[in-house]
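[1] this one's structure only:
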């Protein structure tokens, strides 16, 4: 089924531009635009809102078309397997419950339970001792009873889990309502690339013939993600995907609605529930065996920071297992990027990142979505990477590992393949992502010195940043045929006065960042393109910040290499780096910065490969006030500050003199993180921290994960957290323990932890007190001691599951074991 399009006359884009865009707008039409097409932001919103009042007959006619299923609305000739028919749910449930793997697991669990009951004498003394023929019959009957009970449980779980797409009239109504809500909030519509859509339709056509599923793997920034993808699939005639969703959204009314619209519900954590995990695998097998499309968010949860999160391997591992085991012949992977001019939930994200508890989803919050009718949030851009075969990927990975000198253990190989799959998808999402105008403006505002910026300079820097994005292989929206001034104006309108303020009464419009923390969400949408340049610039800053002449600010290649390596290890869980290795990436980045005339490189002419000796800022860069170099530094500085804050907060784990230094005393991990944020807020308001974004909860958590992996802190987790027994506890490793003075009991600025923090600090932005180092040391360490004092008032002696005090050796072994397992999942290193 070909979509109806309204073609508009537009100049042909130059060959370097991307293919035309398709947009789905509030008048329920699909429009073809040249790349970067833009129109009045009022068009869709005003027309749709006034439809019933100004033209009630047209409104009623449009609704009747959906009710009757006229033309493409009938959703009859879809590409893919049928998903809407009576009995769909019962058919799926029957296939899942008859799955050989599930049946085998039920028998296994029942047999184990019978053995336990027999040993405990619940089946009689004779059964306990082996018994005769009669007792064996009793065991068989008991096993059959347990199997029957387990299958009843499995049936109940399956009914609550599977999607129930049975009614076309329901899905037509759901599509109509979702489209009207979405395209009124995002009043410039939902845009996709026509080239990517045509390619996707071609792949989907072949997949339908082969009965292969398409697994859509989008990034996750908003609940709008799955709505927009479903709208696109429905409007363009692709079989709707089954969306893997956390059961936190399965609350009354809304849960049933979403389940009938395509959601499958899974628990946020499976624990040790073998029946449930097998049931999930059986359902995924069934979907893929029948060629039904799926959608799963590779990051697991929504990104609260604006940049991609590290992959979560849970459901991804089930999909991989389906194909790797041979139970499913093949599946098609399609990474998807969804970008927004403005994210609806960003206000709640900021509250969470500042330490407020995440509110539980409920019906009232969902109904409040009606308020989106009054919003003007710009547009949504959905981009599809070229789909590829999961079977072919597995074959390539097996071939790669087979060539290694030493064969890996099958479990290790599987983990590496899964990890490679996760980061490959994230990398491809970044490759097709579009940088929105709001991200450009937000990035510029947060990477300029001074309180504000004039409109002329803002436009100039947006143009510069757009060019830099393109030179890095990125894509920029809305720039082909309209002036940059219009793009900037529209972005400022979408961001609104709550984020970007205008200084009144000046001869030139002058803008300033009102809410830097929230603007950082949009800045983080661009940082993946420049993370290598940012790390090199931050490493150079260790010399540049010293001041003096050019010869004083140059850095040797050895020092540069060491600091870049240190920073890349520090942020290995924060950013996704190219996988070619440190030396290759560093050489490429230096060459790029030299080509851009940001740096000057001194090489050894006598060496065969022109070995780099020194790197320094170029004369041209100094003449322009270091604006390009500073841009890269400003991008990474908030993250460096967060890492420094994380390292300084570890000082709070040093036991006061008034407490026992016994290593059996552990602190509540959550309370420790909360106090670390409080320490950060205090340091910010007192001027020792330059960026309020450094108290970001997620960034701090990433820092602590890194510290745990490297054995700086030990974390132990309880299966059942409570006020009396916290879910997780933490203490600092002995070799990283800070020292205290014998007289004042103050923490001393010495030892491995202080040295580590100082190395991070060497790449920090200069603070107001950079000259009085000793005073800063005393004040910062004193504050860490003060803020951490309350943690020790609630200090707990860690006990085992049975209430006994666990030995130090056992606790440390458990914590280090978890650190090693976590290290398997860290991102590729620079």
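    Perfect, I can see it now. Computed from a prediction, not measured in an experiment: that's the story for all the values here. Residues are numbered from 1 along each chain as shown.
[2] Leaving out the residues flanking it, which one is nearest to residue 147?
    Spatial nearest neighbour of residue 147, excluding adjacent residues (CB to CB, 6 or more residues apart in numbering): residue 110 at 4.4 Å. Backbone N, C-alpha and C define where each C-beta goes, glycine included.
[3] Identify each buried residue in stretch 686-699, please.
    Of all the residues in stretch 686-699, those buried under the rule 16 or more other CB atoms under 10 Å are 688, 689, 690, 691, 692, 693, 694, 695, 696, 697, 698, 699.
[4] how far does it sit from the chain's center?
    20 Å (CA atoms, centre = their mean, to the nearest Å).
[5] Relative to residue 149, how far out is the closest residue to residue 555 other than its chain neighbours?
    Distances taken as CB to CB, 6+ apart put residue 543 closest to residue 555, at 4.5 Å, once the chain neighbours are dropped. For residue 543, the distance to residue 149 equals 70 Å [CB to CB, to the nearest Å].
[6] what number of residues lie near residue 517?
    When neighbours are counted by other CB atoms under 10 Å, residue 517 registers 18.
[7] moving C-terminal of the helix or strand containing it, what's the next helix or strand?
    Under the criterion of DSSP states H and E, residue 517 resides in helix 516-523. Under the assignment DSSP H and E, the closest C-terminal helix or strand after helix 516-523 is helix 531-544.
[8] Outside of that next one itself, list whatever touches it.
    Contact partners of helix 531-544, identified using CB atoms under 8 Å, 6 or more residues apart in numbering, comprise 527, 552-555, 559-560, 563-564, 567-568, 571, 575, 577-578, 585-586, 588-590, 592-593, 599, 615-617, 626, 629, 632-633, 635-637, 640, 762-763, 830.
[9] of those, buried ones?
    Taking 16+ other CB under 10 Å as the criterion, what is buried in these is 527, 553-555, 559-560, 563-564, 567-568, 571, 575, 577, 585-586, 589-590, 592-593, 599, 615-617, 626, 629, 632-633, 635-637, 640, 762-763, 830.
[10] Please flag which of these sit within strands.
    Counting by DSSP state E, these place 555, 599, 615, 616, 617 in strands.
[11] Distance of residue 582 relative to residue 707?
    For residue 582, the distance to residue 707 - CB to CB - is 21 Å.
[12] next one: residue 417
    On the measure of CB to CB, residue 417 and residue 707 end up 28 Å apart.
[13] more crowded one of those two?
    Remark: of residue 417 and residue 707, residue 707 carries more neighbours, 26 against 21, as counted by other CB under 10 Å.
[14] if I pick the more buried one, what's in contact with it?
    Residues in contact with residue 707 (CB under 8 Å, 6+ apart) are 646, 647, 650, 713.
[15] what about the helix or strand containing it, average pLDDT?
    Counting by DSSP H and E, the element that carries residue 707 is helix 697-709. Average pLDDT, helix 697-709: 94.
[16] ok, residue 175 touching residue 231?
    Yes: using CB atoms under 8 Å, residue 175 makes contact with residue 231 at a distance of 6.7 Å.
[17] Would you mind giving the domain segments of this protein?
    Split into domains by automatic domain parsing, the chain comes to 88-161, 170-241+293-432, 441-515, 528-630, 640-823.
[18] closest one to residue 81 among those domains?
    domain 170-241+293-432 (5.9 Å; CB to CB).
[19] just checking, what packs against the very next helix or strand once past the helix holding residue 707?
    Toward the C-terminus, helix 697-709 is succeeded by strand 713-717 as the next helix or strand (DSSP H and E). In terms of contacts (3 or more CB pairs under 8 Å, 6 or more residues apart in numbering; DSSP states H and E), strand 713-717 is packed against helix 697-709, strand 728-732, helix 808-823.
[20] Quick one: the helices in the stretch 251-400 of the chain, in order.
    254-261, 274-289, 314-324, 346-353, 363-367, 390-402 (DSSP state H, counting those that start in this stretch).
[21] how far off helix 254-261 does the strand or helix carrying residue 95 point, in degrees?
    Here residue 95, judged by DSSP H and E, is contained in helix 88-97. Orientation check (axes from the mean of the first three to the mean of the last three CA atoms, to 10 degrees): helix 88-97 against helix 254-261 gives 90 degrees.
[22] List the contacts of the following helix or strand past helix 88-97.
    Counting by DSSP H and E, the next helix or strand C-terminal to helix 88-97 is helix 100-119. Helix 100-119 is contacted by residues 96, 123, 127-128, 139, 142-144, 146-147, 150-151, 154, 274-275, 278-279, 281-282, 285, 327 when judged by CB under 8 Å, 6+ apart.
[23] Next one: the closest residue to residue 753 other than its chain neighbours relative to residue 713, how far apart?
    Beyond its immediate neighbours in the sequence, the residue positioned closest to residue 753 (CB to CB, 6+ apart) is residue 736, lying 4.9 Å away. Here residue 736 is placed at a distance of 8 Å from residue 713 (CB to CB).
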